[in-house]
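Undergrad: After the sequence you'll find the predicted model.
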Amino acid sequence: MHVLVTGAAGFLGSHLTDRLLSDGHTVLGVDNLSTGDLDNLAHLGGHPRFRFEERDICTSFDPGHVDYVFNLASPASPPEYLRLGIQTLRVGSVGVEHTLEIAARSNAAYLHASTSECYGDPLQHPQSESYWGNVNPVGPRSVYDEAKRFAEAMVMAYHRSRGVSTHLARIFNTYGPRLHPADGRVISNFMMQALRGEPLTIYGDGQQTRSFCYVDDLIDGIMRLAHSDEHLPVNIGNPVEFTILECAQAVLEVTASKSKLCFVDLPVDDPTRRRPDITKARTLLGWEPRVELREGLERSLDYFKSKLVHGEGAAPSS
Ligand code: NAD
Ligand code: UDP
């Protein structure tokens, strides 16, 4: 297949690109490098079936004939989408429409990277796909949450009205090598702080929960969904739930760090709990994650250590 991957220089986009290439496909990766990093694709330099174009998907473009579009382009970490609020809304609306047009023109299938954030601060626990969510439409996180909810509606409209074979992956917190060391997400913050011997920053009292999926498991789930006949959203995430304090403890153990904890203000509208019900993925895709948190952190350790050695820590630039 000829595959278009948007957000290819990002954390998940680069892993997905690797998987598609190893499955024998030809990949065109596009990215505007707003939060991504070409280092994530450096190992593919000279690959005969891979090409990269720096471009913003909010401007329409013609990639030629493609058989599949994977749309991953969007800022994804809270500090980044708060910094890039308008861009986040645009990539989730205008950018999604442009990529759906490409799929419609080429008669290509389409998979969109949606998010557990569609559930907002959920009143139903764990979250199944039938839950409509509890989202503040005007709070600071709305730039991301509402963009992603609009994107799901747009994807379903192209499926229903234009007959595009679309797929919606509701991705829950995913981590692993190539997570930007300074993008402010909890695993990257804690790993870098622990390795530097700095205090781990616990937002609020640390009793809020997340369910962390290792990147290899996530990519496996995405690929199974891409090959399925399911058009409605499917949760892809690890159903084992941790408080943020438990997550900090796991990071301290894996890094053998003596860092202390420090407690700082909880961001506005930070969801209190998040755990996927993956019955649908288990039943339809025969998928479930295999890598538990400590093992995934161990697999990520060398990557974060390498970022320490190279002195990286600056947030991605605009
Ligand atoms: P990331 O920031 O590493 O990757 C996103 C990529 O999109 C970056 O390379 C960025 O430069 C690119 N991008 C942003 N706006 C663009 C635009 N207008 N045009 C072209 N490229 C653009 O984040 P990630 O964790 O790899 O997330 C990938 C996708 O998965 C995102 O859509 C995100 O919302 C979704 N997702 C991720 C997680 C997670 O835990 N990692 C959870 C839920 C959903
Ligand atoms: N968090 C934290 N310390 C940090 C970064 C994040 O306590 O240094 C918390 C954050 O408040 C949230 C959880 O960890 O409750 C996950 O945050 P992240 O930014 O990774 O993603 P989210 O799930 O909120 O989109």
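TA: Sure thing, it's come through. The shown structure was predicted, so the numbers you read here are calculated from the model rather than taken from an experiment. Ligands and ions are numbered 1, 2, ... in the order given.

Undergrad: wait, isn't Leu301 in contact with Thr255?
TA: Yes. Taking C-beta atoms under 8 Å as the definition, Leu301 is a contact partner of Thr255 at 6.8 Å. Where C-beta positions appear, they are placed from N, C-alpha and C, glycine not excepted.

Undergrad: Between those two, point out the one with more neighbours.
TA: Thr255 (22 against 18; other C-beta atoms under 10 Å).

Undergrad: what about the nearest residue to that one once chain neighbours are set aside, how many residues close to it?
TA: Sequence neighbours aside, Ala194 is the residue nearest to Thr255 in space, at 4.1 Å (criterion: C-beta to C-beta, 6 or more residues apart in numbering). Other residues lying near Ala194 total 24 when counted by other C-beta under 10 Å.

Undergrad: Helix or strand for Ala194, just tell me which one.
TA: helix 186-196 (DSSP states H and E).

Undergrad: So which bits of that helix are buried?
TA: Val186, Ile187, Ser188, Asn189, Phe190, Met191, Met192, Gln193, Ala194, Leu195 (16 or more other C-beta atoms under 10 Å).

Undergrad: Tell me which residues touch the third one, please.
TA: Okay, so that is Ser188. Tyr175, Leu179, His180, Pro181, Ala182, Phe304 (C-beta atoms under 8 Å, 6 or more residues apart in numbering).

Undergrad: distance between stretch 49-68 and the chain's centre?
TA: Taking C-alpha atoms, centre = their mean, to the nearest Å, the mean C-alpha location of stretch 49-68 is offset from the chain mean by 20 Å.

Undergrad: can you list the residues that contact it?
TA: Here stretch 49-68 has contacts from 1-4, 6, 8-9, 17, 21, 25-33, 38, 41, 44, 71, 73, 87, 90-91, 94-95, 98-99, 101-103, 106, 108-111, 226, using C-beta under 8 Å, 6+ apart.

Undergrad: With stretch 98-108 instead?
TA: For stretch 98-108, the surrounding residues in contact (C-beta under 8 Å, 6+ apart) are 4, 6, 57-63, 65-69, 71, 73, 109-110, 154-155, 158, 162, 164, 166.
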